[in-house]
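# model the following, please.
(2 chains)
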Protein chains: 2
Amino acid sequence: MRSLNLIILGTAGAGKSALVATFGKWIEQNTDRKVAYINLDPGCDFLPFDPDFDVRDYFTIAQIMRDENLGPNGAMVRASELLEQKAEEFSRRINEIEADVRLIDTPGQMEVFLFHGGPEFAKLMRDVTISLFLVDAQIAARAAGFVFTRLLGLSIGLRLEVPAIAILNKVDLAHDKLAEIDRMSADLELLKERVVEESSGVVVDLTLGLSKVLPELLPAARLVKVSAKTGEGMQDLFDIVHEVFCACGDLT
Amino acid sequence: MRSLNLIILGTAGAGKSALVATFGKWIEQNTDRKVAYINLDPGCDFLPFDPDFDVRDYFTIAQIMRDENLGPNGAMVRASELLEQKAEEFSRRINEIEADVRLIDTPGQMEVFLFHGGPEFAKLMRDVTISLFLVDAQIAARAAGFVFTRLLGLSIGLRLEVPAIAILNKVDLAHDKLAEIDRMSADLELLKERVVEESSGVVVDLTLGLSKVLPELLPAARLVKVSAKTGEGMQDLFDIVHEVFCACGDLT
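This next block holds a predicted model:
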């Protein structure tokens, strides 16, 4: 059977590493799939999983700051360049790791990966590659935030050239808002109403324009809701990933 | 006359600080406008301008790393939280600085600002606020990169709720590609052809869908081309900013 590479994306603090740990453990306990854990984040101190591949064996942000006498910004840019240069070597080594599912944690700052190394890396991975884009449920609960995150998800898919599935994370902190998010996903008219209620000035036209065209671009898929912290939603996450995996497997 | 707040955005290494310095100097030398320089980036070592307001007087990434014993990722998240908490105080102090144009440099990682503090800060600024989104000309030269950057520009405007103008930076390194970028901006059919030539698999449909709807959302404006390094394009930049400023001034 073909392997699945799952690239976990999200802005700093979105809970990427926690999701890798929680989802990996769930897959191991509930299926017969073998999981490999990959860390591509050179800036993390602590990982909640035991990596089969760790970019920190090659370089870390802290070490670049010391060795090259750079500040955090400069070190981050330098690490991006290294990630880009090493995309081929890293993808080769990761492809060699035997597993059914490779869970791939990415740099703390999403844009580092999207602008440097990420697209090359995704292209070089063998078998089927899918990305998960973690969205904080609190941000998606406002209509403008909802449209914004759908748009970011689209941008990610476009940039990495792999399917991008948006996932609501941290739902344990936003249970009271989930019904509203579901209503906005299902009912375009309601989404438009909310946009008008919330926004003002230049942004209303833009948001309305976007909410009009988004349905043409995104199927009205249910948004999977998870909490990497409490572990809820892992079965749903597995199901949707499996669904997209099968669809891709047929296509590629 | 009302003042203009110009928020300079772009991914790490896009040349935000260099543009603030170059554009500020150009305005001072070529117009009678008074310029104020604002630094909101707690992670920079060196600034090519002399700031009238500097977030580093409050906190820096390096200091958070030391004081709170955090790695670069943790310190970045902590700095984001501080930026969000202090949005009101910072915007009040910056509003007090007398100037016709306030050039506002933002954190090295764009997502820090977009997800934390940026929207609140933009809302609290007085007078007219516009954002400039710096795009590396090399990335926009590919059709998928072009669509991606337009989409990111849209997302930024949506998130900050202010007009976002996309600017091609580093054109001194990409003179041979500018004509092609202009052709793709002006001619939707050409853009679609290029997308099909370049892309493969799942991304073709997505990019084609986007290139179909983008014209509904974005006027086919000319993309301003600048180099913060060589100083070319500053008059064009000033003209487009002035144009948007006047349009906003009428509306708000």
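
# name the element A:N5 belongs to?
Using DSSP states H and E, A:N5 maps to strand A:4-9.

# output the contacting helices and strands for that strand.
Applying 3 or more C-beta pairs under 8 Å, 6 or more residues apart in numbering or on different chains; DSSP states H and E, we find strand A:4-9 packed against helix A:16-30, strand A:101-105, helix A:110-115, strand A:128-136, helix A:234-251. Every C-beta, even on glycine, is put in place using the N, C-alpha and C of the backbone.

# got those as a markdown table, with mean neighbour count columns?
Shown next, in a markdown table, are these (neighbours: other C-beta atoms under 10 Å in any protein chain shown):
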| stretch | mean neighbour count |
| --- | --- |
| helix A:16-30 | 20 |
| strand A:101-105 | 25 |
| helix A:110-115 | 25 |
| strand A:128-136 | 24 |
| helix A:234-251 | 15 |
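
# right, so of those, which gets closest to B:P72?
helix A:110-115 (11.1 Å; C-beta to C-beta).

# name the helices or strands packed onto the helix or strand following that closest one?
The first helix or strand that comes after helix A:110-115 along the chain, using DSSP H and E, is helix A:118-124. Counting contacts by 3+ C-beta pairs under 8 Å, 6+ apart, helix A:118-124 packs against helix A:87-96, helix A:143-160.

# so which of these is nearest chain B?
Chain B lies closest to helix A:143-160 among the helices and strands packed on helix A:118-124, at 4.8 Å (C-beta to the nearest C-beta).

# so that closest one versus strand A:128-136, what angle?
Orientation of helix A:143-160 against strand A:128-136 (axes from the mean of the first three to the mean of the last three C-alpha atoms, to 10 degrees) gives an angle of 160 degrees.

# which parts of helix A:143-160 are buried?
For helix A:143-160, the neighbour count (16 or more other C-beta atoms under 10 Å in any protein chain shown) marks A:143-160 as buried.

# what sits up against whichever helix or strand comes after that helix?
Proceeding N to C from helix A:143-160, the next assigned helix or strand is strand A:164-169, under DSSP H and E. Outside strand A:164-169, the residues that touch it by C-beta atoms under 8 Å, 6 or more residues apart in numbering or on different chains are A:9-10, A:14-15, A:19, A:130-137, A:140, A:149-150, A:153-154, A:156-157, A:174, A:178, A:181, A:223-228, A:237, A:240-241, A:244.

# wait, what's in contact with A:F238?
Contact criterion C-beta under 8 Å, 6+ apart gives A:F23, A:W26, A:I27, A:N30, A:T31 as the residues in contact with A:F238.

# returning to what we had before: tell me the mean pLDDT over the strand holding A:N5?
Taken as a whole, strand A:4-9 has a mean pLDDT of 96.

# list the contacts of it.
Strand A:4-9 has contacts (C-beta under 8 Å, 6+ apart) with A:16, A:19-20, A:94, A:100-106, A:110, A:113-114, A:118, A:122, A:125-134, A:156, A:160, A:162, A:164, A:241, A:245.

# how many neighbours does A:D67 have?
12 (other C-beta atoms under 10 Å in any protein chain shown).

# what's the pLDDT at it?
95.

# could you measure from it over to A:P107?
19 Å (C-beta to C-beta, to the nearest Å).

# cool, and A:R78?
The value you get for A:R78 to A:P107, if C-beta to C-beta is used, is 13 Å.

# for A:N95, report the pLDDT, please.
With respect to pLDDT, A:N95 scores 95.

# for it, which non-adjacent residue is spatially closest?
Among residues not flanking A:N95 along the chain, A:R126 sits closest, at 4.8 Å (C-beta to C-beta, 6 or more residues apart in numbering or on different chains).

# residue contacts, the one you found?
So A:R126 contacts A:S3, A:N5, A:N95 (C-beta under 8 Å, 6+ apart).

# need the pLDDT of it.
So A:R126 comes in at 91 (pLDDT).

# for it, give its distance to A:L208.
With the distance defined as C-beta to C-beta, A:R126 ends up 43 Å from A:L208.

# secondary structure class for A:I38?
strand (DSSP: H, G, I helix; E, B strand; the rest coil).

# so what's the residue count around it?
Neighbour count for A:I38, taken as other C-beta under 10 Å: 26.

# ok, A:E98 next?
Neighbour count for A:E98, taken as other C-beta under 10 Å: 10.

# can I assume it is in contact with A:K34?
Yes: if you go by C-beta atoms under 8 Å, A:E98 and A:K34 touch, sitting 7.1 Å apart.

# in the stretch 51-200 of chain A, which segments are predicted with low confidence?
A:200 (pLDDT under 70).

# close to chain B: what parts of it are there?
Counting by C-beta under 8 Å from any C-beta of the partner chain, the stretch 51-200 of chain A comes close to chain B at A:61-62, A:65, A:70-77, A:80, A:108-112, A:115, A:139, A:144, A:147-148, A:151-152, A:154-155, A:157-159, A:161-163, A:199-200.

# ok, the closest residue to A:P48 other than its chain neighbours - contacts?
Distances taken as C-beta to C-beta, 6+ apart place A:A21 nearest to A:P48, at 3.9 Å, with adjacent residues excluded. Counting by C-beta under 8 Å, 6+ apart, A:A21 makes contact with A:L47, A:P48, A:F49, A:A228.

# how near is the last one to A:V241?
Between A:A228 and A:V241 the distance, using C-beta to C-beta, works out to 15 Å.

# how about the third one?
Distance, A:F49 to A:V241, using C-beta to C-beta: 17 Å.

# list the beta-bridge partners for A:N5.
Beta-bridge partners for A:N5, by DSSP bridges, are A:R102, A:T129.

# what strand or helix carries the residue nearest to A:L190 when sequence neighbours are not counted?
The shortest distance from A:L190 to any non-neighbouring residue, by C-beta to C-beta, 6+ apart, is to A:R183 (5.6 Å). Taking DSSP H and E as the criterion, A:R183 maps to helix A:178-186.

# check A:F59 too.
Here A:F59 sits in a region with no helix or strand, counting by DSSP H and E.

# for burial, what's the neighbour tally of it?
17.

# with A:P42 instead?
27.

# for A:A179, same thing?
Neighbour tally, A:A179, other C-beta under 10 Å: 9.
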